[in-house]
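Undergrad: just need the structure, nothing else, for what follows:
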Amino acid sequence: MPTSHFLTKDEVLGFLADKLNIHLTGPDECRPTMELLQRVCSAHSHAIPFTTVHLYNIPIGERRVETHEEIKQLGLLGVGGLCYSTNVFLHWILAGLGFKVHFQGTRFFNAPDYDHLLNIVHLEDDGKRYLIDGSCNTFVSELPLCLDFDGAISPTSLQTMYDVRVVRQVVDNQADRFVLEFCWKNGAGVHPMAKVSADGWVQAMDFSLNYRSLEELPEVLQLVRGQYRDVTAVPILGCLLSRRFKAGKVLLIRGMMLTLQCEDRKRIHVPIKSRRQWLSVMAEHFGDVISMEDLQRAIDNYIRLTAPTEMPDGFCEI
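TA: Coordinates of the predicted model:
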């Protein structure tokens, strides 16, 4: 990757201070430690949304994967985006802080393609590898997940409302495949393609370690390009969606539904019944990072592109 696309140290520290409220002053505070890694991951998932708002403000025929320079400029603004751009920008943030970080492709729910990009950090302090996802993925974004543990199954950690663990599988006498599983004891309903064990653990994503630079990800990029052009083929991109973790709790607006997380790790669903309410709810929860103009245009475009039969009964377009 051309070095011009990496963030300078001043840009990294400025982003951390301005957008994540992390103020690092001395060399000791800037050391690539587990404490700093956890602070960055938690603050990033709290502040920077995974969102399709910007996608819906681009005509379908003009949608494309952002260039490195566009990822840098949008990232510094802290407006969020899709998993590819948010993970690339978080990669640059971590690399700028001195972390040893690699790109890794994975797939969700046994899908045929490994089209989700995330990061793996090698910590020098403990010599272990940690899974990092900058896309506000509810299973793994809030805290780093360690990939080096005793036995075949990692200790369980709590990510937002889910219990999460990593299963290590041995293939050809090598431990080269990892499966991330989650369990939600207070809810039901999973992806139709997901594998679920008898005791309720859902296989969310899997991958074999295969580190790549951006230039070595042509297959992933090709898959992402296709998704940008045809959002109807990808459910999560075919919906106006914004998600982040306010104080470690899920905050999600998907279509005309606001989803919050209460204290007992259950979801609260609040239907949105009008365009005016939709804009108000979006502005309340994401207006600090996404402009009112962008929110309003995205809602208008979504209503225009969505067939009337797909809108909920009684929805008021005013």
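
Undergrad: and the strands in the chain?
TA: Remark: strands assigned in the chain by DSSP state E are 50-51, 100-108, 116-122, 129-132, 145-146, 157-159, 162-171, 174-183, 202-208, 241-246, 249-254, 257-261, 267-271.

Undergrad: and the fourth one, what does it pack against?
TA: When you say that, I think you mean strand 129-132. Applying 3 or more CB pairs under 8 Å, 6 or more residues apart in numbering; DSSP states H and E, one finds that strand 129-132 makes contact with helix 34-47, strand 116-122, strand 145-146. C-beta: built from backbone N, CA, C; applies to glycine.

Undergrad: would you turn those into CSV with mean pLDDT, mean neighbour count and distance to residue 78?
TA: Shown next, in CSV, are the helices and strands packed on strand 129-132 (pLDDT from 0 to 100; neighbours: other CB atoms under 10 Å; distance: least, CB to CB, whole Å):
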stretch, mean pLDDT, mean neighbour count, distance to residue 78
helix 34-47, 95, 19, 7
strand 116-122, 92, 22, 18
strand 145-146, 94, 20, 24
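
Undergrad: so which of the ones you listed gets nearest residue 152?
TA: strand 145-146 (14.1 Å; CB to CB).

Undergrad: any idea how far residue 45 is from residue 157?
TA: Computed as CB to CB, to the nearest Å, the residue 45 to residue 157 distance reads 14 Å.

Undergrad: what number of residues lie near residue 132?
TA: 24 (other CB atoms under 10 Å).

Undergrad: repeat for residue 168
TA: 16.

Undergrad: just residue 14 next, same as before
TA: For residue 14, using other CB under 10 Å, the count is 13.

Undergrad: ditto for residue 216
TA: 12.

Undergrad: hang on, the earlier thing: the strands of the chain: lowest mean pLDDT?
TA: Ranked by mean pLDDT, the strands of the chain bottom out at strand 174-183, which scores a mean of 84.

Undergrad: for that one, the distance to its chain's centre please.
TA: Computed by CA atoms, centre = their mean, to the nearest Å, the chain-centroid distance of strand 174-183 equals 19 Å.

Undergrad: what lines up beside that strand in the sheet?
TA: strand 162-171 (antiparallel), strand 202-208 (antiparallel) (DSSP bridges).

Undergrad: what's the closest of the helices and strands packed on strand 129-132 to residue 67?
TA: Each of the helices and strands packed on strand 129-132 has some distance to residue 67 by CB to CB; the shortest is strand 116-122, at 15.6 Å.

Undergrad: which strands and helices lie in contact with that closest one?
TA: With contacts defined as 3+ CB pairs under 8 Å, 6+ apart, the packing partners of strand 116-122 are helix 83-96, strand 100-108, strand 129-132.

Undergrad: these two touch, right, residue 292 and residue 286?
TA: No. The criterion here is CB atoms under 8 Å, and residue 292 misses it with residue 286 at 10.3 Å.

Undergrad: so these two - more neighbours on which side?
TA: residue 286 (22 against 11).

Undergrad: most tightly packed of the strands of the chain?
TA: Highest mean neighbour count among these (mean count of other CB atoms under 10 Å): strand 50-51, with a mean of 25.

Undergrad: distance from it to the middle of the chain?
TA: Centre-to-centre, strand 50-51 and its host chain are 7 Å apart (CA atoms, centre = their mean).

Undergrad: other SSEs contacting that strand?
TA: By 3+ CB pairs under 8 Å, 6+ apart, strand 50-51 packs against strand 241-246.

Undergrad: so what touches the strand it packs on?
TA: Residues outside strand 241-246 that contact it (CB atoms under 8 Å, 6 or more residues apart in numbering): 45-53, 80, 136, 138, 141-142, 160, 250-255, 282, 285-286, 290.

Undergrad: fine, thanks again, bye for now.
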